[in-house]
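Asker: one predicted model, sequence on top.
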2 protein chains.
Amino acid sequence: MENIFTDEYFMKKALQEAEKAFEKGEIPVGAIIVVNNTIIARSHNLTEMLHDVTAHAEMQSITAAANYLGGKYLKDCTLYVTLEPCQMCAGALYWSQISKIVFGARDEQRGFMTLGTKLHPKTTVVSGIMANEAADLMKHFFVSRRK
Amino acid sequence: MENIFTDEYFMKKALQEAEKAFEKGEIPVGAIIVVNNTIIARSHNLTEMLHDVTAHAEMQSITAAANYLGGKYLKDCTLYVTLEPCQMCAGALYWSQISKIVFGARDEQRGFMTLGTKLHPKTTVVSGIMANEAADLMKHFFVSRRK
C-alpha cells in the first residue's frame, strides 16, 4: 500500500492553516509540526490580531510543539510551512534543532535563504512543495487588500 | 541638572533582569524596552523554565511592549539587552522597526552581528554599554553550571 503521509499530504494541512489566516485578514501563512506522522502543532499567522510581530505561524508552532513534547528541542520533528521562513523564524528553528523544514513558496525578499540565516547542522530543508498554491494564496491576499 | 536617564541607567535595569534569570538557573540575559524615558517592558530569559527556545528576553519584551503600546511597531522605542541579540531576536526586531537597540556584551558565536542578520533601516545600534558586567554574569553562570 502506498504511504499517504507524503510531504504534499502534510503541506495541504499547512495550507488549510494559511486559509484560516486569509479569512481573518492576516498575511496567509500556515504551519504545522509533525512527529512520527502525527501532527502535534497547527498554527497560522496572527500578527495583526495580536499586534505582535513575533506571532508568525512558525513561532507559534515551535512553542506549541515544545509544549506537547515537554522539551524545547524538536528532535525528529518536521515543520511544514507554506512560505519560506524569515530570519526570526529560521533563528528560532536554529535553536530548536528541528530535524527537517519543508516549505512551499520562496520569499525572495525576506526569506532566510536570501538573507543567509544560519540553520542548525542537524536540520535538512526541502522547498517548493505546493509552492504554487501557497504563492497564489499570497497573491490573492495582496490583490484583495489593494481593493 | 544632569540627565540621569543615560544608556548606563537603563542597562542597569536590564542587568537586574539578567540577575533574575541567573537566580532561576537560566542563561542570564535581561532586557527592557523604553519609550520617552519610561520602561514599558522588562523580561529575562526563560527558555529552560518554559521549555521554549523562543522565550529569549528580547522576544518577551517585544511582545510586552507591543501589548502596552497597542500596536506592533516599536516606534521611538529603545531595547536595552545585556547580550548581543541572536538571529531570532534580531529578526523579530527587524519586523518591529524598533528605533534603537543598545546591547552590552558581544556574542561572538551566535550574535546577529557575527551572523549578519539584517536589521530595519530605521534601527540604530549602540554596543558595549556595561559589557563587562554582562559578560561577567555569563561567565559566573557557565562556571557554576560546570560544578
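Answerer: All right, it came through fine.
Asker: for the closest residue in space to residue A:106 that isn't next to it in sequence, what are phi and psi?
Answerer: With Cβ to Cβ, 6 or more residues apart in numbering or on different chains as the criterion, residue A:106 has its nearest non-adjacent residue at 5.2 Å, and that residue is residue A:84. Any C-beta I mention is one placed from the backbone N, CA and C, and that applies to glycine too. In terms of degrees, to the nearest 10, the main-chain angles of residue A:84 are phi -50, psi 130.
Asker: and the gap between residue A:84 and chain B?
Answerer: For residue A:84, the distance to chain B (Cβ to the nearest Cβ, to the nearest Å) stands at 13 Å.
Asker: what do you get for residue A:100?
Answerer: Taking Cβ to the nearest Cβ, one finds residue A:100 at 16 Å from chain B.
Asker: and for residue A:132?
Answerer: Residue A:132 is 26 Å from chain B, by Cβ to the nearest Cβ.
Asker: list the contacts for the nearest residue to residue A:68 once chain neighbours are set aside?
Answerer: In space, and not counting its chain neighbours, residue A:68 is closest to residue A:40: 4.5 Å by Cβ to Cβ, 6+ apart. Taking Cβ atoms under 8 Å, 6 or more residues apart in numbering or on different chains, we find residue A:40 in contact with A:33-34, A:64-65, A:68-69, A:77.
Asker: got the CA positions of the strand or helix carrying residue A:40 in CSV?
Answerer: Using DSSP states H and E, residue A:40 sits within strand A:38-44. Coordinates of the C-alpha atoms in strand A:38-44 are reproduced here as CSV (Å, rounded to 0.1, in the frame of the first residue of the first chain):
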residue,chain,number,x,y,z
THR,A,38,1.3,12.8,13.9
ILE,A,39,0.5,16.5,13.7
ILE,A,40,1.5,18.0,17.1
ALA,A,41,1.0,21.7,16.3
ARG,A,42,-1.1,23.7,13.9
SER,A,43,-0.9,27.5,13.6
HIS,A,44,-1.3,30.5,11.3
